[in-house]
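Participant: coords please:
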Amino acid sequence: MTFLDDAMKIKDQTIALRRDFHSHPELGFEEKRTSNIVAETLESLGLSVTKGVSETGVVGILEGSKESPVVLLRFDMDALPITEDTGVDYASKTPGLMHACGHDSHVAIGLGVAKLLSAKQESLKGTIKFVFQPAEEGGGGAERMVEAGVLENPKPDYSMGVHVWNDMPVGWYGLTDGPAMAGAEIFDVKITGKGAHAASPHQGIDPVVASAQIITALQTITSRNVPPLESAVVSVCQVHTGTAFNIVPQESVLSGTIRTFKPTVFSKVKERFEKIVNDIAHAFDCEAEIKIQRVTYPVINDQDLVELMTDVVKDVDSKGRVDHNLQTMGSEDFSFMMHNIPGCFLMVGSSNPEKGLNYGHHHPKFNIDESCLPYAVAILAQGAVEILQKDPKSI
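Facilitator: All right, here's what the predicted structure looks like:
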């Protein structure tokens, strides 16, 4: 017996919640309305609830017949600064903000899971820790919740997260054994030269020319320094310099991102990045200042949990297709919560080209086929129960 029948009974509620959150998007650390609904719902289900974790985060504890093991289930809540262009009647009511990545769905899924599991609280062989997280979209919400102690009292033994995935259709599930999503770093490079009149460039030191050479040379890292069977991305995405057409500027600032799956690859990329920037800057008589900041770790799924969740997916959706080979250079800050805890991040196909529901994440027309929602609810609920029962890492 699976949880699908129970999830189907609350399907309309789950969809209604998702549409309500979709209509009222909130940016990272501003999810006050969303977190209030989450907290009130969890409290109504009998969970022990802590509000205001890292400003707007919510943690709910559901204790079963045993205290351990503990499974952490995480759901992100924030929207994006995008103007919606879907035309649906539940479109964003807040100008310039939109749930264009599916976090509205994740919150609704999380509350659905809480409803199903709270109804079976006495039979749970452990504890479920629901974490509703702010600011996943580059705001560092997961890291701040970890710093605030979300991985303590009680300490999770396992972790799971979910993401609707509009690159693939309903009925597809991504469960990659090992690295699934890249770790992300952001960099800022300041190249300092000497300002001058553009008519007399020989009197100055041009940071723009140095920056152009650096941008070109950085592209050789992935083509010549990273092994061909490994993966990395180095992207310069912003260049800020100059104030007028006739002034050689004093400074040039480059910003962008580095993405890798493995620490060893990142170390090589970082080493080459710093050497290229510094050496080229010095060759042009400029000074270089480099800042590299981690945004996320790679998402690395645990083999035992992937095997267990694969069986769960097949039980819940017998017609579904499990893909063990998905890898994306996109990043996910849930990695901070699963960095030292066995974890599994499940992708749930959510597109439907026949209905025009196949726009990519962060697109103004992004929307999902909501028929995927009860399956996601059932899979996470059943997965949590089976992890508690089997406690695979204790064997």
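Participant: Quick check: Phe261 vs Pro298, distance?
Facilitator: Going from Phe261 to Pro298 by C-beta to C-beta, to the nearest Å gives 5 Å. For the C-beta atoms, the positions are set from N, CA and C on the backbone; glycine is no exception.
Participant: Same question for Cys344.
Facilitator: For Cys344 relative to Pro298 (C-beta to C-beta), the value is 14 Å.
Participant: ends of stretch 339-357, how far apart?
Facilitator: This stretch, stretch 339-357, spans 33 Å end to end (C-alpha to C-alpha, to the nearest Å).
Participant: which parts of it are buried?
Facilitator: In terms of neighbour count (16 or more other C-beta atoms under 10 Å), stretch 339-357 has its buried residues at 339, 341-352, 357.
Participant: ok, which stretches of the stretch 201-350 of the chain are strands?
Facilitator: With DSSP state E, counting those that start in this stretch as the criterion, the stretch 201-350 of the chain has strands at 232-241, 247-248, 251-260, 287-296, 299-301, 321-323, 343-351.
Participant: So for Phe132, which of these sits nearest?
Facilitator: Nearest of the strands of the stretch 201-350 of the chain to Phe132, taken as C-beta to C-beta: strand 343-351 at 16.3 Å.
Participant: tell me the angle the helix or strand that that closest one is followed by makes with strand 343-351.
Facilitator: Scanning forward in sequence from strand 343-351 by DSSP states H and E, the next helix or strand is helix 373-390. Per axes from the mean of the first three to the mean of the last three C-alpha atoms, to 10 degrees, the angle that helix 373-390 makes with strand 343-351 is 160 degrees.
Participant: Now helix 373-390: average pLDDT?
Facilitator: When pLDDT is averaged over helix 373-390, the result is 98.
Participant: got it, and stretch 262-279?
Facilitator: For stretch 262-279, the mean confidence score works out to 97.
Participant: Go through the protein and flag its longest strand.
Facilitator: strand 158-169 (DSSP state E).
Participant: What is that strand packed up against?
Facilitator: strand 70-76, helix 103-118, strand 172-174, helix 303-316, strand 343-351, helix 373-390 (3 or more C-beta pairs under 8 Å, 6 or more residues apart in numbering; DSSP states H and E).
Participant: Nearest to Ile15 among these would be which one?
Facilitator: Evaluated over these, closeness to Ile15 peaks at helix 373-390, with 6.3 Å, by C-beta to C-beta.
Participant: Could you pull out the buried residues of that closest one?
Facilitator: 373-388.
Participant: Next, the angle helix 303-316 makes with it.
Facilitator: Using the same axes, to 10 degrees: helix 373-390 against helix 303-316 is 130 degrees.
Participant: just the angle between helix 373-390 and strand 70-76, please?
Facilitator: Using the same axes, to 10 degrees: helix 373-390 against strand 70-76 is 160 degrees.
Participant: what does the top helix by length along the chain contact?
Facilitator: For the chain, the helix with the greatest residue count under DSSP state H is helix 263-283. Applying C-beta atoms under 8 Å, 6 or more residues apart in numbering, the contact partners of helix 263-283 are 183, 185, 187, 189, 191, 210, 213-214, 217-218, 220-222, 225-226, 230-232, 234, 258, 260, 287-288, 290, 292.
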